[in-house]
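> My questions concern the predicted model and sequence given below.
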Amino acid sequence: MTGKRLLGLELATIAIAVSMSACGGGGGTGGGGATPTVAVAVQGAAWVAYQDGANGTWQTLAPSGGFGGSVPSTAPDGRYSLAFVCPG
């Protein structure tokens with residue numbers, strides 16, 4: 001990825017952490033088992049990705065249309081990130 005793309009992705013992640021209102025989405029921790037999960041619901045997005053931990057690999061959850069479901073949060077640092085791109 002280019003530097004501009006990485007910066008844009010980081011800014012988008014920060015914006016999502018502040019407010020999950022773009023495109024219509026929501027998220028939060030859930031689960032009750034041994035492995036914590038994060039519930040994700042992003043509708044109408046052009047792309048959705050998730051990162052488990054501060055230095056984890058970004059994984060595409062949905063290449064288009066949004067995503068609804070849960071993703072594991074297993075990183076020792078307890079951090080996770082969600083990024084999405086709205087069409088237009």
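It's in. Numbering: from 1, shown residues only.
> give me the low-pLDDT residue ranges for this protein?
Across the chain, the ranges flagged by pLDDT under 70 are 1-34.
> And Val71, how close does it get to Trp47?
Plainly put, Val71 is 15 Å away from Trp47 if you go by Cβ to Cβ, to the nearest Å. (C-beta placed from N, C-alpha, C; glycine too.)
> just Phe67 next, same as before
10 Å.
> Repeat that for Pro76.
28 Å.
> do the same with Ala54
Taking Cβ to Cβ, one finds Ala54 at 21 Å from Trp47.
> Ok, Ser73 next?
With distances taken as Cβ to Cβ, Ser73 is found 21 Å from Trp47.
> Same question for Arg79.
Distance, Arg79 to Trp47, using Cβ to Cβ: 21 Å.
> Looking at these two, which has the bigger crowd around it?
Taking other Cβ atoms under 10 Å, Arg79 and Trp47 do not tie; Trp47 has more neighbours (18 against 13).
> For beta bridges, what are the partners of the more buried one?
On the basis of DSSP bridges, Trp47 is bridged to Val85.
> so what's it up against?
Shown in contact with Trp47 (Cβ atoms under 8 Å, 6 or more residues apart in numbering): 60, 62-64, 84-85.
> Now which of those would you call buried?
62, 84-85 (16 or more other Cβ atoms under 10 Å).
> Looking at these, spot the one nearest Val42.
Phe84 (5.0 Å; Cβ to Cβ).
> how deep is the closest residue to that closest one other than its chain neighbours tucked in, by neighbour count?
Of all residues not flanking Phe84 in the chain, Ala45 sits nearest, at 4.1 Å (Cβ to Cβ, 6 or more residues apart in numbering). Residues within reach of Ala45, counting by other Cβ under 10 Å, total 23.
> How about Gly78?
Neighbours around Gly78, by other Cβ under 10 Å: 11.
> coming back round to it: isn't there a strand covering the residue nearest to Phe84?
No. Applying DSSP: H, G, I helix; E, B strand; the rest coil, one finds Ala45 to be coil, outside a strand.
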